[in-house]
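A.B. asks: Structure for this input, please:
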Amino acid sequence: MREVRPAGVPRWAVVDEPGGRRPRRGGVGCAGLLLAAVSVVAGCRAAGTDGITPVPQLLAFLPWLLVPAGAGLLLALFSRWWTGTAWGVLLLGLLAWHIEPYGTTGDPIGLPVAEVRVLTSNLEFGQGTGALIEAVRRERPDVVFVQECPALCDAALRDRLAEGYPHRRAVAGEGPRGSVILSRFPLRAAAGIPATMGMPAAVADVRGHPVRLQLAHPMPPLPGRTGLWRAELGAVRDAAAADTRTPTVLAGDFNATQDHAAFRRVLDTGLRDAARLAGSPRAPTWPSPTTPGFGAQIDHVLVSEDFTVHEARFLDIAGSDHRAVVVGLTLHGRG
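C.D. replies: Numbering: from 1, shown residues only. Presented below is the predicted three-dimensional model:
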């Protein structure tokens with residue numbers, strides 16, 4: 001009699017088990033599909049590559065892949081597919097290993113010279129403008145990084161926040177292209193990053209100490225356009241590496257998490273993620289309707305080793321699909 005097995009399931013997966021019992025074929029097939037799909041994403045993470053669609057999109061939600069991997073393990077176990085059971089255990093271990101925070105830690109050597117409070121927020125085409133203004137007045141940050149701020153948003157910020165934030169740098173644009181840096185500290189012009197969406201820069205005078213401010217907002221990894229996303233994150237990385245001597249704050253919507261190789265290359269310049277230093281390396285910021293229960297941390301405040309971080313909080317911004325990130329920093333002198 002000819003053997004029948006599910007399509008895509010190898011012969012070794014359905015051979016007789018000790019004691020004469022066969023694996024349950026339906027469970028084996030489902031388990032194999034789940035474990036194979038998750039293995040592709042986990043393999044790219046382990047190999048240090050972002051792969052091609054849909055891998056970059058799925059990498060943003062790497063911790064949540066524990067769910068299908070766990071389901072595949074249970075199906076393999078209940079189906080008495082012992083090879084699949086071992087596969088599932090190894091896959092869960094690999095995922096757990098990579099869920100650990102990435103990047104360096106450590107304290108600055110110099111003495112504290114200034115306190116700096118930073119807020120970054122993506123306003124989803126300006127729809128969260130009113131809520132952001134209320135948050136800024138409540139939180140009183142020293143520097144505000146705003147993404148997706150079109151002309152009406154820019155005008156509202158000028159009108160309602162000019163007194164508290166007289167210094168600004170902006171890239172004008174409609175839809176998601178406009179970006180603004182607002183500051184209580186005096187600013188001097190600096191070259192921003194040329195990209196699809198605005199990424200302005202400035203140098204702030206923080207109590208007599210220069211601090212480089214750079215807004216980040218590369219294109220998202222849309223299907224068929226991951227090359228552009230990777231290139232613009234590469235431009236962010238190049239900007240971060242261009243000056244490692246000046247204290248730096250690089251903040252915004254990176255459209256990437258620590259599980260993306262392109263984002264880890266930004267961290268490899270020596271910058272550190274403030275949320276990680278404050279103990280919240282996986283707190284999701286997008287999409288806000290499902291946070292904090294489900295989501296990805298794609299909004300970041302990255303700082304050079306000149307800063308310590310004593311606070312990181314995440315704020316709901318009505319009208320936006322991103323949560324804002326607020327961090328409290330202490331700037332240290334370099335001796």
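
A.B. asks: I'd like the distance between Ala162 and Ala155.
C.D. replies: Using C-beta to C-beta, to the nearest Å, we find Ala162 at a distance of 11 Å from Ala155. For glycine as for every other residue, the C-beta is placed from the backbone atoms N, C-alpha and C.

A.B. asks: hang on, isn't Ala190 packed against Ala201?
C.D. replies: Yes: look at Ala190 against Ala201 with C-beta atoms under 8 Å: they come within range, at 4.2 Å.

A.B. asks: Counting neighbours, go ahead and name the busier of these two.
C.D. replies: Ala201 (20 against 17; other C-beta atoms under 10 Å).

A.B. asks: State the distance from that one to Asp243.
C.D. replies: Relative to Asp243, Ala201 is positioned 10 Å away (C-beta to C-beta).

A.B. asks: Identify the contacts common to those two.
C.D. replies: Contact criterion C-beta atoms under 8 Å, 6 or more residues apart in numbering; residues shared by Ala201 and Asp243: Arg212.

A.B. asks: got any residues that touch both of Ala190 and Ala201?
C.D. replies: Common contact partners of Ala190 and Ala201 (C-beta under 8 Å, 6+ apart): 169, 212-214.

A.B. asks: Most neighbours among the residues you listed, which one?
C.D. replies: Neighbour tally across these (other C-beta under 10 Å): the maximum, 26 neighbours, falls on Gln214.

A.B. asks: ok but that residue is inside a strand, no?
C.D. replies: Yes: assessed with DSSP: H, G, I helix; E, B strand; the rest coil, Gln214 lies in a strand.

A.B. asks: Tell me who's in contact with it.
C.D. replies: Residues in contact with Gln214 (C-beta under 8 Å, 6+ apart) are 190, 192-193, 199, 201, 236, 239-240, 248-251.

A.B. asks: Break down the chain into its strands, ranges please.
C.D. replies: Ranges of strands in the chain, per DSSP state E, are 112-122, 143-147, 167-171, 179-183, 187-190, 201-206, 209-216, 248-253, 272-273, 299-303, 307-316, 323-332.

A.B. asks: Export these to CSV and append columns for mean pLDDT and distance to Leu77.
C.D. replies: CSV is the format used below for these (pLDDT from 0 to 100; distance: least, C-beta to C-beta, whole Å):
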stretch, mean pLDDT, distance to Leu77
strand 112-122, 97, 42
strand 143-147, 98, 45
strand 167-171, 97, 54
strand 179-183, 98, 50
strand 187-190, 96, 57
strand 201-206, 98, 53
strand 209-216, 98, 44
strand 248-253, 98, 41
strand 272-273, 97, 37
strand 299-303, 98, 38
strand 307-316, 97, 37
strand 323-332, 98, 38
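
A.B. asks: could the ones you listed go into JSON lines alongside distance to Ala69?
C.D. replies: As requested, the strands of the chain are exported to JSON lines (distance: least, C-beta to C-beta, whole Å):
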{"stretch": "strand 112-122", "distance to Ala69": "30"}
{"stretch": "strand 143-147", "distance to Ala69": "33"}
{"stretch": "strand 167-171", "distance to Ala69": "42"}
{"stretch": "strand 179-183", "distance to Ala69": "38"}
{"stretch": "strand 187-190", "distance to Ala69": "45"}
{"stretch": "strand 201-206", "distance to Ala69": "41"}
{"stretch": "strand 209-216", "distance to Ala69": "31"}
{"stretch": "strand 248-253", "distance to Ala69": "28"}
{"stretch": "strand 272-273", "distance to Ala69": "25"}
{"stretch": "strand 299-303", "distance to Ala69": "26"}
{"stretch": "strand 307-316", "distance to Ala69": "27"}
{"stretch": "strand 323-332", "distance to Ala69": "27"}
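
A.B. asks: nearest to Thr104, of these?
C.D. replies: Among the strands of the chain, strand 272-273 comes nearest to Thr104, with 6.0 Å by C-beta to C-beta.

A.B. asks: Is there a neighbour count for Phe314? I'd like the number.
C.D. replies: The number of residues packed near Phe314 is 19, by other C-beta under 10 Å.

A.B. asks: Could you check how far it is from Asp299?
C.D. replies: 8 Å.

A.B. asks: Give me the common contacts of these two.
C.D. replies: 285, 323-325.

A.B. asks: hey, C-alpha coordinates of stretch 272-279 in CSV?
C.D. replies: C-alpha atoms of stretch 272-279 as CSV (Å, rounded to 0.1, in the frame of the first residue of the first chain):
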residue,chain,number,x,y,z
ARG,A,272,22.7,53.7,23.5
ASP,A,273,18.9,53.4,23.6
ALA,A,274,17.5,55.5,26.5
ALA,A,275,14.6,53.2,27.0
ARG,A,276,16.9,50.2,27.5
LEU,A,277,19.0,52.1,30.0
ALA,A,278,15.9,53.0,31.9
GLY,A,279,14.7,49.4,32.0
